[in-house]
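>>> sequence first, then the predicted structure, then my questions.
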Amino acid sequence: MAAAIDFYFDYLSPFAYLAWRKLPEITQSRGAVIRPKPVLFAGLLNHWGQLGPAEIPPKAAHVFRECARHAQLANIPFRSPRHHPFKPLTALRVSLVEVSGSDQSRVISAIFDAGWAKGQDLGDASTIVNALNSLDLDGETFVQQASDPVVKKILQENTLAAVEQGVFGIPTMIVEAELFWGLDQLPYIALFLDGKDPLANVNLQQIASRGPAAVRPGSLNRGPTQS
């Protein structure tokens, strides 16, 4: 049975764009499949009490430069969407399998490319329409469906389900209940799929902290390190 990689993403993240571009290099040679899971990054941040990288100016600048370097080395087209951050709700809702159906992967690629390869405004519904029309899909109908209360609820439920899986950032990939967060985790995913996980013979309980000796006010860290 083919291994499945649950790919949790929001179009706000350049790391998610690059991971989406790179994941097929891992999956295609191993017979694995990618199951896209659009989630609202702001919902994850709110739940875990975090700021997004774009909300911390020096971190935002660092992330952009890091992604630009990675893209140059990987020969992946890269530029920021016209506005960042932007409201990603329409793009995310259109990308739900309940809306995009069997075209989901094509829809996601088209939207990612419109923003992070071509620099278009992913917060503008017309950008989404044009990206989908370029695939000979009915972009207007897809975007209209994004306003359906049922579709809105599905995105909310996806985000809540991600939180329940321990997802705290994007991109996150989950393979057989093992969570990998970030673009830099792709080599580890490849090792995991190959049965060569470096942690396979490591007792994490033995090497983990016994718990915090100090807690910053407002921190969510209320107990010992979990494995």
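Received, thanks.

>>> give the contact list for Phe78.
Under the criterion of Cβ atoms under 8 Å, 6 or more residues apart in numbering, the contact list for Phe78 reads 14, 17-18, 67-68, 71-72, 116-117. Glycine gets a C-beta too; all of them are placed from N, C-alpha and C.

>>> of those, closest to Arg30?
Using Cβ to Cβ, Leu18 is the member of those that lies nearest Arg30, at 19.6 Å.

>>> hang on, the earlier thing: show me the contacts of Phe78 that map onto helices.
Filtering these for membership in helices, criterion DSSP state H, returns 14, 17-18, 67-68, 71-72.

>>> which parts of this structure are strands?
4-9, 33-38, 172-175, 178-181 (DSSP state E).

>>> for the helix or strand of the chain with the lowest mean pLDDT, buried residues please.
For the chain, the helix or strand with the lowest mean confidence is helix 204-207, at a mean of 92 (criterion: mean pLDDT, DSSP states H and E). Within helix 204-207, no residue counts as buried by 16 or more other Cβ atoms under 10 Å.

>>> repeat that for stretch 116-124.
Of the residues in stretch 116-124, those scored as buried under the neighbour-count criterion (16+ other Cβ under 10 Å) are 116-117, 120-124.

>>> start to end distance for stretch 25-45?
Distance between the two ends of stretch 25-45: 30 Å, counting by Cα to Cα, to the nearest Å.

>>> that stretch: how far from the chain's middle?
For stretch 25-45, the distance between its averaged C-alpha position and the chain's averaged C-alpha position is 7 Å (Cα atoms, centre = their mean, to the nearest Å).

>>> just use 843 as the starting number from now, easier for me
Taking 843 as the first residue, the last one we looked at is stretch 867-887.
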